[in-house]
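[1] Sequence first, predicted model second:
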Amino acid sequence: MKESFQSSKKLYLVLEYCPCGNLRRILRKQAENKLTEDQARVYICEIVLAIKHMHEFNIIYRDLKPDNVLVNYDGHLKLTDFGLSKQIQEDYYDSHSPVGSHAYLAPEVLE
């Protein structure tokens, strides 16, 4: 996030411009050719590092899906949409509230 401000009714967040869209767009574009193993490895590593960084601050990111992963101008990934994220207490590392997009939830969570 670059900046934030609010009016009397809305909160505005200013993010870095990511001209390459989101990961869903990249995956659809690559559907015929598939991602190379190296491309997949870089994307996975960047997502894991982002989540690891949030965990260092006791934040659980609970809406990981291709739509919420933006791709900036040099191909690096940025996580967005922290509306379902949760900061947990240092002495209590558990969360039982099922959240997320239904299309990306595990079947056992939906049941």
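    Received the coordinates, thanks.

[2] helix/strand/coil for I47?
    helix (DSSP: H, G, I helix; E, B strand; the rest coil).

[3] distance of it from A40?
    According to C-beta to C-beta, to the nearest Å, I47 stands 11 Å off from A40. C-beta coordinates here come from the backbone N, C-alpha and C atoms, glycine included.

[4] These two: which is more packed in?
    I47 (16 against 12; other C-beta atoms under 10 Å).

[5] Ignoring the adjacent residues along the chain, who's closest to that one?
    Nearest residue to I47, sequence neighbours excluded (C-beta to C-beta, 6 or more residues apart in numbering): L77, at 6.3 Å.

[6] thinking the one you found is in contact with L23, fair?
    Yes - look at L77 against L23 with C-beta atoms under 8 Å: they come within range, at 7.0 Å.

[7] the more surrounded of the two?
    L77 (21 against 18).

[8] what sits against that one?
    L23, Y43, E46, I47, A50, V69, L70, V71 (C-beta atoms under 8 Å, 6 or more residues apart in numbering).

[9] pull the CA atoms of the helix or strand hosting V42 into CSV?
    Using DSSP states H and E, V42 sits within helix 37-56. What follows is helix 37-56, C-alpha atoms only, in CSV (Å, rounded to 0.1, in the frame of the first residue of the first chain):
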residue,chain,number,x,y,z
GLU,A,37,8.5,-25.2,-14.0
ASP,A,38,10.8,-22.2,-13.4
GLN,A,39,7.9,-19.8,-13.6
ALA,A,40,5.8,-21.8,-11.2
ARG,A,41,8.7,-22.1,-8.8
VAL,A,42,9.2,-18.3,-8.8
TYR,A,43,5.5,-17.6,-8.2
ILE,A,44,5.2,-20.2,-5.5
CYS,A,45,8.3,-18.9,-3.7
GLU,A,46,7.1,-15.3,-3.8
ILE,A,47,3.7,-16.3,-2.4
VAL,A,48,5.3,-18.4,0.4
LEU,A,49,7.7,-15.5,1.3
ALA,A,50,4.8,-13.1,1.4
ILE,A,51,2.8,-15.4,3.7
LYS,A,52,5.9,-16.0,5.9
HIS,A,53,6.4,-12.3,6.3
MET,A,54,2.8,-11.9,7.4
HIS,A,55,3.1,-14.8,9.9
GLU,A,56,6.1,-13.0,11.5
